[in-house]
Every structure is written in structure tokens, then in C-alpha cells.
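*Asks:* take a look and give me a structure for this.
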Amino acid sequence: MKCKNCGSAVYDKFCPHCGQRTSVSSISFKTLKDEFQNNIFQINRGFVFTIKELTLRPGHAIRDFINGKRKPFYKPLSFLLVTTTVYIFISYLLDVDSFLTNFLNDFKEGFDNAKTESREFELSNTGIIDWLKTNQTYLVFAFVPIFSLASFIVFFKAKYNYYEHLVLQLYITGQQFIIITVFTCAFFFNSEILIISTLFGCVLYSLYTYWQFFNKKSFLNIFFRYILIQILSFFSYFFISLIVIFVGVIISKLIKY
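*Replies:* Below is the predicted model of the structure:
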């Protein structure tokens with residue numbers, strides 16, 4: 001038997017060359033939960049290596065992780081948590097509103113403008129948006145499963161299950177936060193350049209990663225599927241956001257009375 005991580009011959013439970021277990025389970029909810037619990041505080045384990053791989057060969061690297069080469073990689077849930085935290089911290093130091101803050105402000109303004117006939121139900125009268133602004137990481141982790149579901153639906157005929165699509169999105173999103181952080185440091189003095197560079201950088205990176213990950217499909221095929229994923233995700237976000245806001249408003253009114 002050969003080790004799935006380094007390719008060395010293995011005759012026991014662990015590889016004598018790199019130390020990875022011989023038996024590697026498929027990606028599942030239990031796998032993600034256990035890896036999150038066991039590795040969330042081990043920031044030095046493969047973090048730089050993971051950034052390098054996700055920069056140079058993102059789709060191939062993620063596919064390697066799913067197929068069993070997991071020892072050198074920083075775990076996906078931990079990776080996203082660390083990169084999100086770093087981005088929010090850098091934004092705070094540079095006194096720049098994060099794109100999550102801008103998204104929440106725009107959403108709040110649009111919601112309130114749509115409620116001109118009943119001002120008492122303005123979103124500004126609830127603490128939902130303020131809470132999300134101070135807990136932006138939760139918002140990111142709420143988006144990823146929805147986007148993963150859209151990805152799973154669009155690539156339904158592929159061999160990957162939902163949790164493997166979740167791993168794909170966790171790594172993509174985590175690396176996107178690296179990109180956003182770099183652009184924030186470079187263009188924090190010009191919000192327009194920052195927004196444009198961030199948007200194009202993240203979209204191009206996602207397309208490139210998908211193209212490598214599903215390497216048997218053409219780039220044009222990946223492009224149209226990616227657009228479909230965005231559409232499905234947008235309507236899912238919008239529908240879920242309305243439900244959450246509605247429930248939040250009702251709860252806030254009940255608390256007042």
C-alpha cells in the first residue's frame with residue numbers, strides 16, 4: 001500500500017516517512033467537526049504551506065486534500081477563521097470599513113427605505129445589524145454553507161459530496177480573505193480602487209480554482225456554472241436574510257412589550 005500523502009510504501013497504521021495515517025476517511029460532517037476541534041489553535045501547522053499551495057495551484061491542492069493528502073495542509077475551518085480574523089484586524093488598524101460592514105450598511109439602508117410606510121419597523125430600531133458588525137466572522141461562516149450548497153447543486157453530476165464542496169468553499173473563501181487583506185493594505189487610501197481590485201481579484205481567483213479543481217471541464221463551462229452558482233446563492237442569501245430579519249424584528253417587538 002502507498003501513502004496517500006507522500007507516496008511511500010506503507011505496511012502499518014502510519015506512514016514511516018511522513019507519519020500520516022494509512023486509513024483516510026472520506027470528507028463528512030464528522031470529519032470537519034473533529035478537525036475543527038483538534039486543530040483550531042494549531043496555527044503553525046502548515047499555514048504558510050497552505051497559503052502557498054492555494055496561491056500557486058489552488059484547485060489541485062484542494063483536490064489533493066479531499067483525496068487524502070491532508071497532513072501538510074492547515075485544516076479548512078481553521079484556515080478560514082484565521083484569515084477572516086486577520087482581515088478584520090487589519091481593517092481595524094487601517095481604519096477602513098471591511099466589505100462586510102459595507103454590505104451590512106447597504107442592506108440596512110435598502111431594507112429601511114423599503115419600509116417607508118411603517119417607520120417603526122426600521123431595521124435601525126433593532127440590534128441585528130450592530131451585532132453582526134461586531135461578529136462578522138459569524139456572517140462569513142453563515143455564507144459559506146449556502147454557497148457550498150449552490151456549488152453542489154450546479155456540479156451535481158460530479159463525484160464530490162456536499163461536505164467536499166464545503167471544503168472547497170472554505171479554502172476558496174479563506175484564500176480570498178488573504179487576497180482582500182493584501183489589497184486593503186495596498187489600496188486602503190482609495191476606496192474605489194480597493195473595491196474594484198477586490199471584486200475582480202476574488203472572482204478571478206474563484207474561477208481559476210474551479211477550473212483547476214474540475215480539470216476535465218472547459219473554462220467556458222466553469223464560467224457559466226460559476227455564474228449559476230452566484231445566482232442561486234444570491235436568491236438563497238436574500239430569502240434567508242428576509243426570514244432572519246423578520247424573526248429579529250418580531251422578537252425585538254415582543255421584548256419591548
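*Asks:* which intervals of this protein have sub-threshold pLDDT?
*Replies:* 19, 25, 33-45, 97-138, 241, 244-245, 248-257 (pLDDT under 70).
*Asks:* most centrally placed residue in it?
*Replies:* Closest to where the C-alpha atoms of the chain average out (Cα atoms, centre = their mean) is Thr173, at 3.2 Å.
*Asks:* for Phe143, see how far away that residue is.
*Replies:* Taking Cβ to Cβ, to the nearest Å as the measure, Thr173 and Phe143 are separated by 8 Å. Using the backbone N, CA and C atoms, a C-beta is placed for each residue, glycine as well.
*Asks:* what is the burial count for the closest residue to Gly68 other than its chain neighbours?
*Replies:* Leaving aside its chain neighbours, Gly68 sits nearest to Lys4 (3.3 Å; criterion: Cβ to Cβ, 6 or more residues apart in numbering). Neighbouring residues of Lys4 were enumerated by other Cβ atoms under 10 Å; the total is 19.
*Asks:* the one 4 residues further on now?
*Replies:* Look at Ser8: counted by other Cβ under 10 Å, it has 13 neighbours.
*Asks:* verify the contact between it and His17 for me.
*Replies:* Yes. Here Ser8 reaches His17: they are 4.0 Å apart, a contact under Cβ atoms under 8 Å.
*Asks:* mind listing what the residue nearest to Ile179 when sequence neighbours are not counted touches?
*Replies:* Nearest in space to Ile179, with sequence neighbours left out and distances taken as Cβ to Cβ, 6+ apart, is Gly201 at 4.9 Å. Contacts were defined as Cβ atoms under 8 Å, 6 or more residues apart in numbering; by that measure Gly201 touches 176, 179-180, 183.
*Asks:* surely the residue nearest to the centre of the chain and Val140 touch.
*Replies:* Yes. Thr173 is within contact range of Val140, at 6.9 Å (criterion: Cβ under 8 Å).
*Asks:* now do the shared contacts for the two.
*Replies:* Shared contacts of Thr173 and Val140 (Cβ under 8 Å, 6+ apart): Leu80.
*Asks:* tell me where the stretch 51-200 of the chain has strands.
*Replies:* Along the stretch 51-200 of the chain, no stretch is classed among the strands by DSSP state E, counting those that start in this stretch.
*Asks:* which residues of the stretch 151-257 of the chain fall in helices?
*Replies:* Counting by DSSP state H, counting those that start in this stretch, the stretch 151-257 of the chain forms helices over residues 162-187, 191-213, 219-256, given from the N-terminal end onward.
*Asks:* between those helices, which one is closest to Val48.
*Replies:* Evaluated with Cβ to Cβ, the helices of the stretch 151-257 of the chain place helix 162-187 nearest to Val48, the distance being 11.2 Å.
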